[in-house]
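Asks: Test case, fold it:
(one chain, ligands or ions: 1)
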Amino acid sequence: MNPVYEKLLKCYESIQKKIDFKPEIALVLGSGLGDYGETIDIVATLDYHDIEGFPISTVEGHKGRFIFGYIQGVPVVCMQGRVHYYEGYAMSDVVLPTRLMKMMGAKVLFLTNAAGGLNFDFHAGDFMMITDHIMTFVPSPLIGENINELGARFPDMSDVYKKDLQEIIRGTAKELGIKLQEGVYIQLTGPNYETPAEVRMCRALGADAAGMSTAAEAVAANHMGMKVCGISCITNLGCGMLDQPLSHAEVQETADRVAVDFKRLITQAILNIYHATRQ
Ligand code: HPA
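Replies: Numbering: from 1, shown residues only. Purely as a prediction, here's the structure:
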């Protein structure tokens, strides 16, 4: 059997032995949303470490877990801590938790992240709904023998971030009085931030925000037929756009500063998506 699929099945079976919960919506928590678990009526949690066969990073301090529970009655599974390509994982491992969430039953994938703004109309602290992505600079998670059980060899990518979900998120931001930018997310490998020349390149290519995650997860989810949507927290402007260096501390500070609004937006968007897509 395809080793990637074999690993996936092993992890899935390990989860099934421990957790009996069927989520409708899968949520990936980016920077600043570390305490989002407080919003969830938690039924169970499962550390990645406790899933048999789950790829574990050798990077110190790496931790992550799935949270299972309800957001105002909506059954969700939540990834608290993601797996990044820059940590040294294979792309197939990076998207393994995403694939697992689909196998658990989630139909919608709600992605969040921190990203650097490339668009001069953006400000640190803005939220950007992802309308499309560029991930040409990182390997596709679908490289290798296709796993036919998951999806097609050459999946269509014309509508990854579903238009109907975008419309719901747009409406939700309006309802809450939260400003929402929109744009194209570009995934780069990281872990270094971009140079000013790279920032200019990304902007010239049509990207509005740059980050080190998310697009690969979206590709894997789309391959499996999940409905994907995503929001970036613009924690900073890209290097060279302001006359100052960029630090991880700045990224974290901004993410923390706007976390309350980010959480409000995500919670209400999840409720609106759940109720709209069940009709
Ligand atoms: N670039 C890439 N990833 C990021 C950035 C950035 O400027 N800010 C937060 N994540």
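Asks: closest point of the stretch 1-150 of the chain to the ligand, which residue?
Replies: Nearest residue of the stretch 1-150 of the chain to the ligand, counting by C-beta to the nearest ligand atom: Gly116, 2.0 Å away. Where you see a C-beta, it was placed from the backbone N, CA and C, and this is true even at glycine.
Asks: Surely that residue forms part of a strand?
Replies: Yes. Membership of Gly116 in a strand is supported by DSSP: H, G, I helix; E, B strand; the rest coil.
Asks: That one and Leu237 touch, don't they?
Replies: Yes. Using C-beta atoms under 8 Å, Gly116 makes contact with Leu237 at a distance of 6.6 Å.
Asks: So which of the two has more stuff around it?
Replies: Applying other C-beta atoms under 10 Å to Gly116 and Leu237 shows that Gly116 carries more neighbours, namely 26 against 21.
Asks: Contact partners for the more buried one?
Replies: 193-194, 199, 209-211, 234-239, 246 (C-beta atoms under 8 Å, 6 or more residues apart in numbering).
Asks: where in the stretch 51-200 of the chain is pLDDT low?
Replies: Applying pLDDT under 70 to the stretch 51-200 of the chain flags residues 57-62.
Asks: count of neighbours near Pro3?
Replies: 10.
Asks: Tell me the backbone dihedrals of it, please.
Replies: phi -60, psi -30 (degrees, to the nearest 10).
Asks: Please list which of the contacts of Gly116 also come close to the ligand.
Replies: Tyr193, Glu194, Ala210, Gly211, Thr235, Asn236, Gly238, Leu246 (C-beta under 6 Å from any ligand atom).
Asks: Output the residues you listed as TSV; include the columns neighbour count, secondary structure and distance to Tyr12.
Replies: Formatted as TSV, the ones next to the ligand among the contacts of Gly116 follow (neighbours: other C-beta atoms under 10 Å; DSSP: H, G, I helix; E, B strand; the rest coil; distance: C-beta to C-beta, whole Å):
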residue	neighbour count	secondary structure	distance to Tyr12
Tyr193	19	coil	35
Glu194	20	coil	36
Ala210	25	strand	33
Gly211	24	strand	28
Thr235	29	strand	34
Asn236	25	strand	37
Gly238	27	coil	38
Leu246	18	coil	39
